[in-house]
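Asks: Next input, structure requested:
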Amino acid sequence: MQELSSMDHEQARALARGDAGPGGTTAAATRAGPLPARVGIVGAGNISDHYLRISAGFDSFAIQAVADIDPERARAKAEAHGVRAVSVPDLLADDAIDVVVNLTVPAAHAAVSRAVLEAGKHVYSEKPIATDRAAAAALLALAEERTLRVGCAPDTFLGAGLQTARAVIDAGLLGEPVAATAFMMSSGPERWHPDPGFFFAPGAGPLFDMGPYYLTALVNLFGAVARVSGSAKIGRPTRPVLSAPLRGTSVEVTTPTHVASLLEFAGGPVATLVTSFDAPASQLPWCEVYGTEATLSLPDPNTFGGPLRVRRASDKEWQELPITRPYDVNSRGLGLADMVVAAAEGRAHRASGELAYHVLDVMQSVLDAASEHAWLEVESSVARPAAMPDDVRF
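Replies: Okay, here's the model as predicted:
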């Protein structure tokens, strides 16, 4: 990883605060070519099928090619979805590709995204944007220098369910938002993933793997997180792999598998987020928001639709609310679509690198706080992304 100069550090801190950048206030100067944008994918793992399949529903971009360090895996994905299979160097050198989607494992996200930016292309990465703050800040600084876009999953917060929730809260249905709770309780990916080892390494675990869905949803509702504390532990030092083809092997666990996070938002609300790979079963809600007048029950933040339910203290039953925003079915790639349209229009995109940096900073701060048994200030900040218009179509 290339070291940052002192000027880079200052610029990176400004970007992390949301002061500027391709997803921030200087986005109007960052324009792209005509639509549909021509997209290439690096990483032909499980998640690539979702992007390759769902992309046909977007008019704003078209996936042209897929690359992987394993040529056979790239070839299989390409043949299944009717695109070209190429090597990673050839994809980066291809002038017919405008944007690269980075679907590699978390530990490779920063290096691959840096290579994409150095090749002069916009990049949209799976979450997290990087596994440490310095690497993520370096990406934002490089993108600013090259006048390129950095986008990052998750984009589920742009879907109908969570956007309707935002509209409901902003309209005052709950009164003043006071607090929220959120839970991701799982027995672990070793039961279903064909190669689950990376889930139990730094940069993953339940907080870094699934936390971005919940934290991004909460930032979308409340704005930036200002202060955190937490507690974390490794439930078991090794995990038996229960899925094919590695069934019978085991994985060494080197990152916490149960994390309890306490979050204070700059705008006032407080939240509790628990993420776990150590829960054999659970009946906890996905996420609830508590206001002075009512409680709102949110859908799974890893989905795009509902249901969305509300209940006042005087109500005898929950009431289901109508979903009033678009994209209520699986719309993986919605953040990418918004990014390429935003680049063409010269506006800020919503699933931005700055938002992803803030979420990363919050997660790392929680783990730091757990290690230090302390409350810690979150150095970065970010503005709430613009709400999705109710008539938008990408």
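
Asks: Check which helices and strands the helix ranked longest in the chain sits against.
Replies: Secondary structure of the chain per DSSP state H: the longest helix is helix 353-372. Judged by 3 or more CB pairs under 8 Å, 6 or more residues apart in numbering; DSSP states H and E, helix 353-372 is in contact with helix 6-16, helix 133-146, strand 150-152, helix 205-222, strand 225-233, strand 258-265, strand 376-377. To be clear about C-beta, it is placed using only N, CA and C from the backbone, and glycine gets the same treatment.

Asks: and those, which is most packed in?
Replies: The highest mean neighbour count among the helices and strands packed on helix 353-372, using mean count of other CB atoms under 10 Å, belongs to strand 150-152: a mean of 31.

Asks: and that one, average pLDDT?
Replies: Averaged across strand 150-152, pLDDT comes to 98.

Asks: Which strands or helices does that strand pack on?
Replies: By 3+ CB pairs under 8 Å, 6+ apart, strand 150-152 packs against strand 122-125, helix 133-146, helix 334-345, helix 353-372.

Asks: now do 6 Å
Replies: Strand 150-152 sits against strand 122-125, helix 353-372, with contacts defined as 3 or more CB pairs under 6 Å, 6 or more residues apart in numbering; DSSP states H and E.

Asks: Residues contacting that strand, please?
Replies: If you take CB atoms under 6 Å, 6 or more residues apart in numbering as the criterion, strand 150-152 is touched by 22, 123-125, 127, 129, 139, 143, 335, 339, 349, 351, 353, 356.

Asks: Please compute how far it lies from its chain's middle.
Replies: In terms of CA atoms, centre = their mean, to the nearest Å, the centre of strand 150-152 is found 9 Å from the chain centre.

Asks: Nearest to Glu79, out of the helices and strands packed on helix 353-372?
Replies: strand 150-152 (27.5 Å; CB to CB).

Asks: and stretch 368-381, how far apart are its ends?
Replies: 18 Å (CA to CA, to the nearest Å).

Asks: list the contacts for the closest residue to Pro106 other than its chain neighbours?
Replies: Leaving aside its sequence neighbours, Pro106 sits nearest to Gly203 (CB to CB, 6 or more residues apart in numbering; 4.2 Å). Contact analysis of Gly203 by CB under 6 Å, 6+ apart lists Pro106, Ala107, Thr131.

Asks: ChimeraX command to pick out the buried ones of those residues?
Replies: Of the contacts of Gly203, the buried ones can be selected in ChimeraX as follows, counting by 16 or more other CB atoms under 10 Å:
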select :106,131
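
Asks: Please tabulate the contacts of Gly203 in JSON lines, including the columns secondary structure and pLDDT.
Replies: Formatted as JSON lines, those follow (DSSP: H, G, I helix; E, B strand; the rest coil; pLDDT from 0 to 100):
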{"residue": "Pro106", "secondary structure": "helix", "pLDDT": "92"}
{"residue": "Ala107", "secondary structure": "helix", "pLDDT": "93"}
{"residue": "Thr131", "secondary structure": "coil", "pLDDT": "95"}
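
Asks: Could you dump the contacts of Gly203 into JSON lines with distance to Ala387 added?
Replies: Listed next are these as JSON lines, based on distance: CB to CB, whole Å:
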{"residue": "Pro106", "distance to Ala387": "29"}
{"residue": "Ala107", "distance to Ala387": "34"}
{"residue": "Thr131", "distance to Ala387": "30"}
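
Asks: thinking again about what came up before, among the helices and strands packed on helix 353-372, single out whichever gets nearest to Glu252.
Replies: Nearest of those to Glu252, taken as CB to CB: helix 205-222 at 12.9 Å.

Asks: Check which helices and strands the closest one sits against.
Replies: Helix 205-222 packs on helix 160-170, strand 270-276, helix 353-372, going by 3+ CB pairs under 6 Å, 6+ apart.

Asks: any idea which of the ones you listed is most buried?
Replies: helix 353-372 (a mean of 24).

Asks: average pLDDT for that helix?
Replies: 98.

Asks: Contacts for that helix, please.
Replies: 16, 18, 21, 23-24, 128-129, 133, 136, 140, 150, 152, 207-208, 211-212, 215-216, 225, 228-232, 261, 376, 378, 380, 382.

Asks: Turn the helices and strands packed on strand 150-152 into CSV, including distance to Thr164.
Replies: Output for these, formatted as CSV (distance: least, CB to CB, whole Å):
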stretch, distance to Thr164
strand 122-125, 25
helix 353-372, 20
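
Asks: worst average pLDDT in the helices and strands packed on helix 353-372?
Replies: helix 6-16 (a mean of 35).

Asks: re earlier: quick check, pLDDT for the residue nearest to Pro106.
Replies: 89.

Asks: Wasn't it part of a helix?
Replies: No - assessed with DSSP: H, G, I helix; E, B strand; the rest coil, Gly203 is coil; it does not lie in a helix.

Asks: and it, backbone torsions?
Replies: Main-chain dihedrals, Gly203, degrees, to the nearest 10: phi 90, psi 0.

Asks: and what of Ser243?
Replies: Per degrees, to the nearest 10, the backbone of Ser243 is at phi -110, psi 150.

Asks: The one 4 residues further on now?
Replies: As for Arg247, its main-chain torsions (degrees, to the nearest 10) stand at phi -50, psi 130.

Asks: How about Tyr51?
Replies: Here is the backbone geometry of Tyr51 (degrees, to the nearest 10): phi -60, psi -50.

Asks: His322 - how many residues pack around it?
Replies: Heads up, residue 322 is Pro, not His. Residues lying near Pro322 (other CB atoms under 10 Å) number 7.
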